[in-house]
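> any chance you can model this:
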Amino acid sequence: MSGHSKFANIKHKKEKNDAAKGKIFTIIGREIAVAVKEGGPDPANNSKLRDIIAKAKSNNMPNDTIERGIKKAAGDANSVNYVAVTYEGYGPNGTAIIVDALTDNKNRTASNVRNAFTKGNGNIGTQGCVSFMFDKKGQIIVAKEDFEGDADELMMTALDAGAEDFAEEEDSYEIVTEPDDFSAVREALEAAGITMASAEVTMIPQTWVELTDENDIKKMNKLLDLLDEDDDVQAVYHNWDE
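As a prediction, the model looks like this:
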């Protein structure tokens, strides 16, 4: 992962999201609704909901907003049912892109995502066309500015809880887990009082693609911006080496 500081990307995203907090709250609100419907409203018995609550708090979502979202999803039988859909495709110069969405209207979402790819000089492919280029992993980032302890102790806490890898970057520590071990590792770090800049199950590229043509870079940014603006889009993964 050297040269691909996830923390730098997080700071970049947080800066963008600070200007559009509503977007990240919409994303998390939908994730809460789905988690409650799948596993119930009690975080003690719903590890997926616990993970999303932790994500909400790391994005400064107010507690009363979180609780309201849980109560609404638990108590309203007529609340919107979101369906998870994934799109895969290619951006400029063969960059691989995966788009995860939660939607109440698959036709609308498919049209918006296709439009983003078209305007970004890319194209949507078939299911599985690029996902084999990524590894699904739990990824936890601890910023060095938030952690004053010993790196070896942090590594042992993570590995003892079930993490499979620990790496030190210039400005952060990266902990990687199998998806099934993610909750246990995140909760062990939380119990140890460790502040996490980011904790999520994500898609990590196996290889990276550089864009050198200015037009390609412009088109790729356009594609990603359009996806970012779409409320149905929950996450976008790509292998562009920014």
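
> domains for the protein, by residue range?
6-75, 83-132+207-238, 133-205 (automatic domain parsing).

> using JSON lines, lay out those together with mean pLDDT and mean neighbour count.
No exception for glycine: its C-beta is placed from N, CA and C like everyone else's. Formatted as JSON lines, the domains of the chain follow (pLDDT from 0 to 100; neighbours: other CB atoms under 10 Å):
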{"stretch": "domain 6-75", "mean pLDDT": "83", "mean neighbour count": "17"}
{"stretch": "domain 83-132+207-238", "mean pLDDT": "95", "mean neighbour count": "17"}
{"stretch": "domain 133-205", "mean pLDDT": "94", "mean neighbour count": "17"}
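
> three-state assignment of the closest residue to H238 other than its chain neighbours?
Distance criterion CB to CB, 6 or more residues apart in numbering; nearest residue to H238, sequence neighbours excluded, is I97 at 4.6 Å. What DSSP: H, G, I helix; E, B strand; the rest coil gives for I97 is strand.

> now the closest residue to N46 other than its chain neighbours: phi and psi?
Counting by CB to CB, 6+ apart, N46 lies nearest to G39, which is 3.7 Å off, once chain neighbours are set aside. The phi/psi pair for G39 (degrees, to the nearest 10) reads phi -130, psi 10.

> also N46?
According to degrees, to the nearest 10, N46 has phi -140, psi 90.

> ditto for E210
Main-chain dihedrals, E210, degrees, to the nearest 10: phi -90, psi 140.

> that one and M220 touch, don't they?
No. Look at E210 against M220 with CB atoms under 8 Å: they stay out of range, at 11.2 Å.

> show me the helices in this protein, by range?
In the chain, the helices defined using DSSP state H lie at 6-18, 21-39, 47-58, 63-75, 106-119, 151-161, 182-191, 214-229.

> can you list these in a markdown table and add distance to V236?
Formatted as a markdown table, the helices of the chain follow (distance: least, CB to CB, whole Å):
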| stretch | distance to V236 |
| --- | --- |
| helix 6-18 | 11 |
| helix 21-39 | 11 |
| helix 47-58 | 16 |
| helix 63-75 | 23 |
| helix 106-119 | 9 |
| helix 151-161 | 27 |
| helix 182-191 | 20 |
| helix 214-229 | 5 |
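
> quick one: which of those helices is nearest I175?
With CB to CB as the criterion, I175 lies closest to helix 151-161 of the helices of the chain, at 4.6 Å.

> show residues contacting the closest one.
By CB atoms under 8 Å, 6 or more residues apart in numbering, the surrounding residues in contact with helix 151-161 are 140, 142, 147, 166, 168, 173, 175, 181, 184-185, 187-189, 192, 194.
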